[in-house]
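Peer 1: sequence plus the predicted model coming up.
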Amino acid sequence: MAKKKEVVAVIKLQAPGGQATPAPPIGPALGQHGVNIGQFVQQFNAATGNLNGMRVTVELSVYSDKSFTFKVKSPPASVLLKDALKAEKGSGTPNKQKIGTITRAQLREIAQRKLPDLNCTKIESAERIVAGTARSMGVEIAD
């Protein structure tokens, strides 16, 4: 009977989809746990090649024999909102300076994409979470 591998560490990173390199922050985060960095970068880039550099969250489980598995999650809501607006960054003063407006349809689309990674099960709850992120970035939501 095969021994069950013990999880030594769970590492959460954000990396550009399809364009990860062994440079910081990925290399040092994985190197301290003895993970083969080149192997991770190769597998990650193959799995996320269709994202064209969009920043995504990856959760990496490192086992006692230095092997690993990883799960790619959806991009952060702020990245999706900036992509929808074609904005460079969020507002420094969101209560005074707005960076743009998105429609309810765009909000729902982003919420549907984020739903599997959020701590809710209904699309309406996911919309409220994404709307909160939008509000803190200086993005208005048009009805």
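Peer 2: Nice, thanks for sending it over.
Peer 1: can you spell out the domain ranges of this protein, please?
Peer 2: 7-72, 77-142 (automatic domain parsing).
Peer 1: for the protein, which residues score under the pLDDT cut-off?
Peer 2: Low-confidence segments of the chain (pLDDT under 70): 1-3.
Peer 1: for residue 97, what is the enclosing helix or strand?
Peer 2: Using DSSP states H and E, residue 97 sits within no helix or strand.
Peer 1: number of residues surrounding it?
Peer 2: 10 (other C-beta atoms under 10 Å). In short, each C-beta sits where N, CA and C put it, glycine included.
Peer 1: ok, now which ones touch it?
Peer 2: By C-beta atoms under 8 Å, 6 or more residues apart in numbering, the contact set of residue 97 is 91, 138.
Peer 1: angles on the backbone of it, please.
Peer 2: phi -110, psi 120 (degrees, to the nearest 10).
Peer 1: how close does it get to residue 81?
Peer 2: 15 Å (C-beta to C-beta, to the nearest Å).
Peer 1: would you mind measuring from the spatially closest residue to residue 6 that is not a sequence neighbour to residue 5?
Peer 2: If the residues on either side of it in the chain are set aside, residue 6 comes closest to residue 64, at 4.5 Å by C-beta to C-beta, 6 or more residues apart in numbering. Noted for residue 64: a distance of 6 Å to residue 5, by C-beta to C-beta.
Peer 1: output the longest helix belonging to this structure.
Peer 2: Criterion DSSP state H: the longest helix present in the chain is helix 123-137.
Peer 1: indicate each strand paired with the very next helix or strand once past that one and its parallel or antiparallel sense.
Peer 2: Beyond helix 123-137 in the direction of the C-terminus, DSSP H and E gives the next helix or strand as strand 139-142. According to DSSP bridges, strand 139-142 has the following sheet partners: strand 100-103 (parallel).
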